[in-house]
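**Student:** Mind looking at a prediction? Sequence and model below.
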Amino acid sequence: MFLVKDLKFKYPKNQENTIKGISFEIKEGEIFGLLGPSGVGKSTTQKILIKLLDDFQGEVKYNGKDLRSLGKDFYHDIGVGFEMPVHFSKLTAQENINFFKKLYRSSADTDALLKRVGLYEDRDKQVNEYSKGMKARLNFVRAMLNDPKILFLDEPTNGLDPKNARIIKDIIREYKEKGGTVLLTTHLMNDVDELCDRVAFMADGKIAEIDTPKNLKLKHGQRNVEVEYSNDDNEIIKESFELDNLGENADFLNIIKTKNILTIHSKETTLDDIFIKTTGVEKHE
Ligand SMILES: Nc1ncnc2c1ncn2[C@@H]1O[C@H](COP(=O)(O)OP(=O)(O)OP(=O)(O)O)[C@@H](O)[C@H]1O
């Protein structure tokens, strides 16, 4: 759906390129995660893809066409949820929705969306009376109101309690199941685990890793299995064995056959570990 080749970008006031030559593809029907430390260029990349920044080098294609050659029709295809919600604060939520709906040819069932995210009862309140989480949910509804083919979401669960974050994630998953495509930026690796088909980790304006979360875990993970058992003196012993040729490991087999096993599990690495390893940075949330 999107093809990005050797993309470079420099903000006019800066000396150095912010985006230093990145290439990736967003396939139709997938949720693609763009991840990396604060300030690495994730939002900048999103802004290029939604035609807010056009002075870039390299190639960006949307459905085979050069992004620069696309006219206003492109905006009917995309839905955008910026990180910082921007609403008309003196208008009600419903008035905001009505205003933005008028800009588009097609529209989603916004009443259903408002009900789903728990804002329907408060739809006639002015947005300046909304809490941070309510504004974030309204922002999400706005991103979806033109029934887009591709959704750009920057930290969509930021500021939401776990129940509301779950609702938003469920809607994103359902959107994908109906054929929608998503570019997701987030610092929450749990969200990435739950939602993303493929992810790219950015470091220093480049892409350090790109793959499915599962393949990245296999690549960066320790292929070990950890067994906890109690011995005859009721002491708890923990031992680790390599997964390769585990069935022929006499020590492991002896423990399994003769000991009282308390826990046993393969030691998978987490996306948090991979984030730190590939970007060289602790996360800032
Ligand atoms: N309008 C601008 N003019 C100059 N520099 C900018 C501008 N906007 C962003 N930058 C710089 O570009 C770099 C990348 O910013 P960007 O917002 O893309 O990062 P990000 O990865 O999305 O970060 P975060 O996770 O904090 O949202 C940062 O160093 C930032 O200071």
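**Tutor:** That came through, no problem.

**Student:** hey, where'd the strands end up in the chain?
**Tutor:** 2-9, 19-26, 31-35, 57-62, 65-66, 78-81, 150-154, 181-185, 198-203, 206-211, 224-230, 236-242, 260-266 (DSSP state E).

**Student:** Spit out the contact partners of Ala208.
**Tutor:** Ala208 makes contact with Gly36, Phe201, Met202, Thr278, Thr279 under the criterion C-beta atoms under 8 Å, 6 or more residues apart in numbering. From N, CA and C alone the C-beta is placed, and that goes for glycine too.

**Student:** Indicate which one of the strands of the chain is closest to Val141.
**Tutor:** Nearest to Val141 among the strands of the chain is strand 78-81; the distance by C-beta to C-beta comes to 9.3 Å.

**Student:** which helices and strands does that closest one pack with?
**Tutor:** Applying 3 or more C-beta pairs under 8 Å, 6 or more residues apart in numbering; DSSP states H and E, we find strand 78-81 packed against helix 132-144, strand 150-154.

**Student:** Is the ligand within reach of the shortest one?
**Tutor:** No: against the ligand, strand 150-154 shows no contacts by C-beta under 6 Å from any ligand atom, the least distance being 7.1 Å.

**Student:** Pull out the buried positions in that strand.
**Tutor:** Ile150, Leu151, Phe152, Leu153, Asp154 (16 or more other C-beta atoms under 10 Å).

**Student:** Tabulate the helices and strands packed on strand 78-81 (a markdown table), appending mean pLDDT.
**Tutor:** Shown next, in a markdown table, are the helices and strands packed on strand 78-81 (pLDDT from 0 to 100):
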| stretch | mean pLDDT |
| --- | --- |
| helix 132-144 | 95 |
| strand 150-154 | 96 |
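
**Student:** do you know which of the ones you listed lies nearest Gly247?
**Tutor:** Of the helices and strands packed on strand 78-81, nearest to Gly247 by C-beta to C-beta is strand 150-154, at 44.2 Å.

**Student:** What is that closest one packed up against?
**Tutor:** Against strand 150-154 (3+ C-beta pairs under 8 Å, 6+ apart) you get helix 42-49, strand 78-81, helix 132-144, helix 162-177, strand 181-185.

**Student:** Which residues are in contact with the spatially most central residue of the chain?
**Tutor:** Taking C-alpha atoms, centre = their mean, the centroid of the chain lies closest to Leu184, which sits 3.5 Å from it. Going by C-beta under 8 Å, 6+ apart, Leu184 touches Ile31, Phe32, Gly33, Leu34, Leu153, Pro156, Ile172, Asp191, Val192, Leu195, Cys196.

**Student:** Test of understanding: give the bridge partners of it.
**Tutor:** Under DSSP bridges, the beta-bridge partners of Leu184 are Gly33, Leu153.

**Student:** and the gap between it and Asp191?
**Tutor:** Distance from Leu184 to Asp191, counting by C-beta to C-beta, to the nearest Å: 8 Å.

**Student:** ok so, going back, okay if I get the strands of the chain as CSV plus distance to Gly118?
**Tutor:** As requested, the strands of the chain are exported to CSV (distance: least, C-beta to C-beta, whole Å):
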stretch, distance to Gly118
strand 2-9, 32
strand 19-26, 30
strand 31-35, 23
strand 57-62, 34
strand 65-66, 39
strand 78-81, 17
strand 150-154, 18
strand 181-185, 22
strand 198-203, 29
strand 206-211, 35
strand 224-230, 42
strand 236-242, 45
strand 260-266, 37
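
**Student:** Could you work out which of those strands reaches nearest to Gly133?
**Tutor:** Nearest to Gly133, of the strands of the chain and by C-beta to C-beta, is strand 78-81 at 14.0 Å.

**Student:** which residues sit against the closest one?
**Tutor:** Applying C-beta under 8 Å, 6+ apart, the set of residues contacting strand 78-81 is 50, 139-140, 142-146, 148-154, 156.
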